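Peer 1: Here is a sequence with its predicted model. Questions after.
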Amino acid sequence: MNSVSLLGSANEPVVLDVAASAAPVRVPTARRYLMCPPRYFAVEYAINPWMDPGAPISTELAVEQWNALRDTYLRLGHHVETITPQPGLPDMVFAANSGTVVDGRVLGSRFRAPQRAAEAEHFRRWFVDNGYGAVVMPERTNEAEGDFAWTGTVMLAGTGFRTDPAAHAEAQEVLGVPVVSLQLVDPRYYHLDVALVVLDDRSERPLIAYYPDAFSSGSRQVLRRLFPDAVVANADDAACLGLNAVSDGRHVVLPVEATHLAEQVALRGFEPVFVDVSELRKSGGGPKCCTMELRG
Ligand code: ARG
């Protein structure tokens, strides 16, 4: 019996019978991630609609949630590297914004907001100190994996709020991979990684999930053309930053509120793994924002 169970909102097990859908067997691959503990996490400025510097925030709870996220990766068999957090850089926990690594080549970042600018150099140092030979720092505004999603064949690249479209061409040149530009149109979904997630980056036909309304109509057409069988997320999935998920090809780590998206990925043979990131979401972040993948 091919069935998937996950916990619904009232903690009632929801059993999905996926036999009829003939979902492929999903095979996880061990990943290497770079993360930054949220020791100095705070919401001191507002550079996206999620951030309210007046609202209460618990750094302690953020640390607990981050520890649980790291432990989830370790339990799934992944390797986690950490970078030392720096005082005065409350958003440094969002490591995904500080580098794009493909085949061991590193393209660093250049932040749009001056409040985050200094993070880029700390990460550049980390790469150099950890044996990455070719580290290129971008000329154009580039928020790294916040706006770049590697599918295994092409690099999907977001623009509209943060990353400069000219950074897409720069990424193609530095990383030597084809880059497809996508236009983001909703300020709540200001980075590509809160509107789209790559579920499978190891097969000839990569699989993604995305929230269509976050994209311009031309970009929606591009996504439909490239990924006709993509998982389509709904407004509720997007509104809890459910697409800010991390997949190893089988396990999809995502915010606990993203129950519809979890059911959809389960129907495709993936195993949803829920984490609570309520505190990090107050800054507009989720599991993926906290996780830079070190490829190769
Ligand atoms: N407060 C941060 C910012 O606005 C959140 C970044 C979230 N990171 C991400 N990859 N989406 O820059």
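Peer 2: All right, it came through fine.

Peer 1: Count the neighbours of residue 291 for me.
Peer 2: Counted with other C-beta atoms under 10 Å, the neighbours of residue 291 add up to 26. Quick note: C-beta positions are derived from backbone N, CA and C, even for glycine.

Peer 1: can you check the one 4 residues further on too?
Peer 2: The tally of other residues near residue 295 (other C-beta under 10 Å) stands at 16.

Peer 1: pLDDT score assigned to it?
Peer 2: In this prediction, residue 295 carries a pLDDT score of 98.

Peer 1: ditto for residue 133
Peer 2: You'll see residue 133 listed with a pLDDT of 88.

Peer 1: Check whether it sits in a helix, strand or coil.
Peer 2: Assigned with DSSP: H, G, I helix; E, B strand; the rest coil, residue 133 falls in the coil class.

Peer 1: ok, which residues in this protein are in contact with the ligand?
Peer 2: The chain has residues 47-48, 51, 91, 94, 96-97, 116, 146, 191, 193-194, 283-285, 289 near the ligand, with proximity defined as C-beta under 6 Å from any ligand atom.

Peer 1: Quick check: of these, which lies closest to residue 59?
Peer 2: Distance to residue 59 across those (C-beta to C-beta) is lowest for residue 283, with 11.3 Å.

Peer 1: residue ranges of the helices in the stretch 151-296 of the chain, please?
Peer 2: Along the stretch 151-296 of the chain, counting by DSSP state H, counting those that start in this stretch, helices occupy 165-175, 217-226, 235-239, 259-267, 278-281.

Peer 1: Need these in a markdown table (columns: mean pLDDT).
Peer 2: Shown next, in a markdown table, are these (pLDDT from 0 to 100):
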| stretch | mean pLDDT |
| --- | --- |
| helix 165-175 | 98 |
| helix 217-226 | 98 |
| helix 235-239 | 98 |
| helix 259-267 | 98 |
| helix 278-281 | 98 |
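
Peer 1: want to throw the ones you listed into TSV with mean neighbour count?
Peer 2: Formatted as TSV, those follow (neighbours: other C-beta atoms under 10 Å):
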stretch	mean neighbour count
helix 165-175	19
helix 217-226	14
helix 235-239	17
helix 259-267	21
helix 278-281	20
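
Peer 1: Where does the prediction get shaky in the stretch 1-150 of the chain?
Peer 2: For the stretch 1-150 of the chain, applying pLDDT under 70 flags the ranges 1-21.

Peer 1: Tell me where it has strands.
Peer 2: All strands of the stretch 1-150 of the chain, identified by DSSP state E, counting those that start in this stretch, fall at 3-7, 13-17, 32-35, 79-82, 100-102, 105-107, 135-136, 148-150.

Peer 1: who touches the shortest one?
Peer 2: Okay, so that is strand 135-136. Here strand 135-136 makes contact (C-beta atoms under 8 Å, 6 or more residues apart in numbering) with 105-108, 124, 127-128, 174.

Peer 1: same deal with the fifth one?
Peer 2: Outside of strand 100-102, the residues within contact range by C-beta under 8 Å, 6+ apart are 106-107, 132, 142, 144-145, 148, 150, 155, 171, 175, 177, 292-296.

Peer 1: That one: partners in the sheet, and parallel or antiparallel?
Peer 2: Counting by DSSP bridges, the strands paired with strand 100-102 are strand 105-107 (antiparallel).

Peer 1: just how off-centre is the strand it pairs with within its chain?
Peer 2: Chain-centre distance of strand 105-107: 17 Å, with C-alpha atoms, centre = their mean, to the nearest Å.

Peer 1: contact partners of it?
Peer 2: Taking C-beta under 8 Å, 6+ apart as the rule, strand 105-107 contacts 99-101, 127, 132, 134-136, 138, 142, 144, 170-171, 174-176, 296.

Peer 1: again, but for stretch 198-210
Peer 2: Against stretch 198-210 from outside (C-beta under 8 Å, 6+ apart): 26-27, 29, 149-153, 156, 195-197, 223, 227, 229-233, 243, 245, 247, 249, 252, 261, 264-265, 268, 270.
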